[in-house]
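Colleague: with the sequence up front, the predicted model follows.
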Amino acid sequence: MPLTDEKKPLLNGNDGYPYSSTPQPSSESPTSSLIDPGTMPSTNIINEGNSEYTVPEMGPENSASKVTCRVCQEMIDVLGKKEQHVVKCNRCNEATPIRSAPAGKKYVRCLCHCLLICKSSSQRIACPRANCKRVINLAPSPVTPPVPQVPGMCRVTCVHCQDTFLFNMLQNALARCPHCRKVSSVGPEFAKAKAIFFLIIAIIVLVVGGVVTFLTYSFVLSHTTYLVFYIAFVVLLLIALWKCLYYYKIKVSSIDGPV
């Protein structure tokens, strides 16, 4: 059976999360790609049916500021890191998940303690560490119950971090990714409609302001109050043009499909 092409490492060797795990005894940074099936030593093939595990979400019901490292049992402070999927232990430098894997993914712990993330349908993967290279045979994942259908709810891939999150298309608003906290438009139609709306507003303000200026410019010297109206028209015009440009240039996240 061919290896899955998993190219997403966990943690990057420093404190930048999410996703990576660096071996403590080795100074080499982990590679993000799996080994070629043709170079797999048969003596390194292992069965890891129990190496998969799920993690409860760090929500209000699980608000502890520390978690236990899954490798060395050291307590890890997760204060301010609960939006991440994994945290790195300062003692053994291994990754410990604190949130469930993204949709369609699962965690796997190699015998060398390297934490991997792969597709939930994967049955055979390889450890990317240069000093390990074990081939891990995974037991088939249990069938998860279907998610209840919510009107307008869809799965979205963030254009900034390429992570997946859920968004209700019935909301007349931009989407903020819960992983990178950046804002994007879900689908190009919303951003295009908003850009056209503010362009129309800018045109209306320009026309009304021009008419008022034409009819009152001769009274400006004797009635300086008109200057306040001129400034207000200019400010409104600039705001409308800025919002039009903002929605025109905003990045668009792709819709993967309904939940």
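Modeller: Yep, it's here. These numbers were taken from a predicted model, which means no experiment stands behind them.
Colleague: thought residue 194 was touching residue 247?
Modeller: Yes - look at residue 194 against residue 247 with CB atoms under 8 Å: they come within range, at 4.1 Å. Backbone N, C-alpha and C define where each C-beta goes, glycine included.
Colleague: can you name every helix or strand that the helix or strand containing residue 185 contacts?
Modeller: If you go by DSSP states H and E, residue 185 is part of strand 183-186. Here strand 183-186 is seen to pack against strand 175-176, strand 252-258 when contacts are counted using 3 or more CB pairs under 8 Å, 6 or more residues apart in numbering; DSSP states H and E.
Colleague: which of the ones you listed has the lowest mean pLDDT?
Modeller: When mean pLDDT is averaged over each of the helices and strands packed on strand 183-186, strand 252-258 scores lowest at a mean of 85.
Colleague: contacts for that one, please.
Modeller: 149, 153-159, 164, 169, 175, 177, 184-188, 191 (CB atoms under 8 Å, 6 or more residues apart in numbering).
Colleague: next, the buried residues of it.
Modeller: Within strand 252-258, the residues that qualify as buried by neighbour count (16 or more other CB atoms under 10 Å) are 252, 253.
Colleague: may I have that strand as CSV, with CA atoms only?
Modeller: Coordinates of the C-alpha atoms in strand 252-258 are reproduced here as CSV (Å, rounded to 0.1, in the frame of the first residue of the first chain):
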residue,chain,number,x,y,z
VAL,A,252,-11.0,35.4,-0.5
SER,A,253,-11.1,32.0,1.4
SER,A,254,-12.3,29.0,-0.6
ILE,A,255,-15.4,27.0,0.3
ASP,A,256,-14.7,23.3,0.6
GLY,A,257,-18.4,22.3,0.9
PRO,A,258,-21.3,22.1,3.3
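Colleague: what pairs with that strand, parallel or antiparallel?
Modeller: Looking at strand 252-258 with DSSP bridges, its paired strands and their directions are strand 153-157 (antiparallel), strand 183-186 (parallel).
Colleague: got the phi and psi for residue 130?
Modeller: For residue 130, the backbone dihedrals (degrees, to the nearest 10) come out as phi -70, psi -30.
Colleague: if you could redo that for residue 216, that was the one I meant.
Modeller: For residue 216, the backbone dihedrals are phi -120, psi 0 (criterion: degrees, to the nearest 10).
Colleague: spell out which helix or strand contains the nearest residue to it once chain neighbours are set aside, please.
Modeller: Distances taken as CB to CB, 6 or more residues apart in numbering place residue 226 nearest to residue 216, at 5.0 Å, with adjacent residues excluded. When secondary structure is defined by DSSP H and E, residue 226 falls within helix 225-249.
Colleague: which secondary structure elements does that helix sit against?
Modeller: helix 188-216.
Colleague: pLDDT of the helix it packs on, averaged?
Modeller: Model confidence over helix 188-216 averages 91 on the pLDDT scale.
Colleague: so which elements touch that helix?
Modeller: Taking 3+ CB pairs under 8 Å, 6+ apart as contact, the helices and strands that helix 188-216 lies on are helix 225-249.
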